[in-house]
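> Got a predicted model here, sequence first, then my questions.
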Amino acid sequence: DDISRIRNFSIIAHIDHGKSTLADRLILATGGLSEREMTHGQVLDNMEIEQERGITIKAQTVRLNWKAADGETYELNLMDTPGHVDFAYEVSRSLAACEGALLVVDAAQGVEAQTLANVYQSIEHDHEIVPVINKIDLPAADPEGVKQEIEEIIGLDASQAVLASAKSGIGIPDILQAIVDRIPPPKGDRTAPLKAMLVDSWYDPYLGVVILVRVIEGVLKKGQQVKFMAAGTTHLVDRVGCMRPKIEQLPELAAGEIGFITAQIKEVAETRVGDTITDAKRPTATALPGFKEVQPVVFCGLFPVDAADFEKLRESLYKLRLNDASFSFETESSAALGFGFRCGFLGLLHLEIIQERLTREYDLDLITTAPSVVYRMHLTRSKKDATSGGRSFETGLRRGSVPPQDEREGESGSGGQIIELHNPADMPDPNRIEMIEEPWISATIYTPDEYLGAILKLCQDRRGIQKGLTYVGSGSHQRAQLTYELPLNEVVFDFYDRLKSISRGYASFDYEQIGHREGDLVKMSILVNEELVDALSMITHRGTAEARGRGMCERLKELIPRHLFKIPIQAAIGGKVIARETISAMRKDVTAKCYGGDATRKRKLLEKQKKGKAKMREYGNVSIPQEAFIAALRMG
Ligand code: GDP
Ligand code: MG
């Protein structure tokens, strides 16, 4: 507990460069776990999905004790940070809890977009950065080239970079010694009033909510009454400890230390990352800077394929939220899809993780509506006028959705109102909208030269504004570094998948939000037999509306079975039809062929329909199998 022998550090790496493997090696080398325990796989990635996707969702920290060259034993706190841009704020708090970082770069891949974003943050936090060139065991390893890249691209001195192979255990003691020698000890007065940062929290079935803290000043003890300054709540600390990675209880955590506490807190939502924890009786004068409430930025509807699963979906969402206060949900009903939930996420990957967990861990079959960002609608008139109108196609149909409870409203410059819109179905009448603003991002893309043309075209097609194009690295490591400003709306719409496929996986991508900008945006509606299909509404740029509308009409034409009469399928903006397809009427004598010919297939379909009557939706006398909606939505 001598502060001069504490080192707090995190590991920065692009996905797959070896962060988790290295963390495991460090734990093994310092005796935190045996080789046998280690073979269970990566210790820090303790969720099944994390292991499969190779990303770390929740930050965890491990305390390592290591005897350095000077014969003294040091307390090394390794902070594992979330690996994805969607969790940028959590990453920033983890970094704020450390004095240094290991920068892990794959010796065969070199510096990637995500490495860069994280390293800049680390530099902003005044970290001492120790470059580690990993995977030197690979035949394609080029440590000298990568060193040069670190110097050229990041501007760090790489002459002292540690060469390592986390997989085969090369360079591990060198890394530990470099941490002791090069990363400064924390500073902080243990006699001052308690000031600690809430770095992360998660729900543990045995301990309740566990809170990861970094003590800045003072001492945190068992039995202490503490106050969470931003949340405004007080709690009694009932456990104090650290993870090695097994839990070890301690009498206290003092200035400079990282560890955990529990305080009989039931829900993760009561704890806010970045909050300041202080002593209730002897509080600190000022809270820590940088506290920010995270807000979901991407929304979509989640509906159970089987209407009977609605309650199960609700329960599953509650359970997931126990451990992830950053996603939100509220009930939503759709004429096409029945009852479901409107959910908010920190980003696309976050959405995918939740969706995948619901499918896999909770065994739910789900329909996901097209993801939407948060639009700011500047209205011209009073709220009463604006929200009651605007549903010209919805007469006779159930209302699209319950009004969002967390709608934030304010006054726009011209005296009208501003509404934050999370669901295209809730869009007010276009006549009442003075202006729409959409969120924009700044994206950094790294790519080998051969894919550059295709990527430039993709960005251009998505309304991107090119901000920079330079080449970095040399020889086989040379890559184009592209910066683009893009509307987030265009990115949530399969951008990442497209980028990966046109670059055969070689391009890397990272982004940050840069605020809202005015856009020429419209709500596009889809009508089947002149009736609106709410689940297929989307907000899109006027310039791309027609192409998207045409695509959707063509798909629906393929998916909706023929009837005895003609069925028009239309895409419309306001009252104006922008694309149209027609399903021709079938002749009575070809009934057997209506679902594609084969009699057994037809019988199966009819049986299916009988089983779940709710799965057929009526649109102006047209029965549409729910599968058609699902297929239309899944094709994006
Ligand atoms: P993370 O995404 O940064 O946490 O990366 P992981 O630690 O999950 O490693 C990604 C992949 O690289 C895994 O298949 C590891 O086995 C492999 N890997 C990690 N370190 C090394 C190394 O030093 N050499 C080689 N050859 N492979 C490694
Ligand atoms: Mg990992």
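Noted; the coordinates are in hand. Ligands and ions are numbered 1, 2, ... in the order given.
> List the buried residues for the lengthiest strand in the chain?
Looking across the chain with DSSP state E, the single longest strand is strand 433-447. Within strand 433-447, the residues that count as buried by 16 or more other Cβ atoms under 10 Å are 433, 435-447. Yep, even glycine has a C-beta here, placed from its N, CA and C like the rest.
> From the contact counts, what lies against that strand?
In terms of contacts (3 or more Cβ pairs under 8 Å, 6 or more residues apart in numbering; DSSP states H and E), strand 433-447 is packed against helix 113-124, strand 375-379, helix 452-461, strand 479-487, helix 488-492, strand 508-518.
> And these: which comes nearest ligand 2?
Closest to ligand 2 of the helices and strands packed on strand 433-447, according to Cβ to the ion: helix 113-124, at 12.1 Å.
> Next secondary structure element downstream of the closest one?
strand 128-134 (DSSP states H and E).
> Is that following strand positioned near ligand 1?
Yes. Strand 128-134 lies within reach of ligand 1 by Cβ under 6 Å from any ligand atom, at residue 134.
> What is that strand packed up against?
Looks like strand 128-134 contacts strand 6-13, strand 100-106, helix 113-124, helix 143-149, strand 162-163, helix 172-182 (3+ Cβ pairs under 8 Å, 6+ apart).
> Give me the contacts around the longest one.
Taking contacts as Cβ atoms under 8 Å, 6 or more residues apart in numbering, the residues outside helix 113-124 that touch it are 10, 12-15, 17, 81, 83-85, 91-92, 95, 101, 103, 105, 129, 153-154, 156, 444-446, 508-510, 512.
> so, in contact with ligand 2 or not, it?
No. Figure legend: helix 113-124 not in contact with ligand 2 (Cβ under 5 Å from the ion); closest approach 12.1 Å.
> can you give me the offset of that helix from its chain's centre?
18 Å (Cα atoms, centre = their mean, to the nearest Å).
> That helix to strand 128-134, inter-axis angle?
Here helix 113-124 runs at 160 degrees with respect to strand 128-134, directions being taken by axes from the mean of the first three to the mean of the last three Cα atoms, to 10 degrees.
> If we go by neighbour counts, what in helix 113-124 is buried?
Neighbour-count burial for helix 113-124, counted by 16+ other Cβ under 10 Å, picks out 113-119, 121-122.
> How about stretch 67-79?
68, 74-79.
> Give me the average confidence score over that stretch.
Throughout stretch 67-79, pLDDT has a mean value of 95.
> Other residues contacting it?
Residues outside stretch 67-79 that contact it (Cβ under 8 Å, 6+ apart): 1, 5-11, 23, 26-27, 30, 59, 61-66, 94, 97-98, 176-177, 179-181, 199, 242, 257-258.
> Just the buried ones out of these, please.
Counted by 16+ other Cβ under 10 Å, the contacts of stretch 67-79 give 5-11, 23, 26-27, 30, 59, 61-64, 66, 94, 97-98, 176-177, 179-180, 199, 242, 257-258 as buried.
> Quick check: residue 30 touching residue 64?
Yes. Using Cβ atoms under 8 Å, residue 30 is in contact with residue 64, at 4.0 Å.
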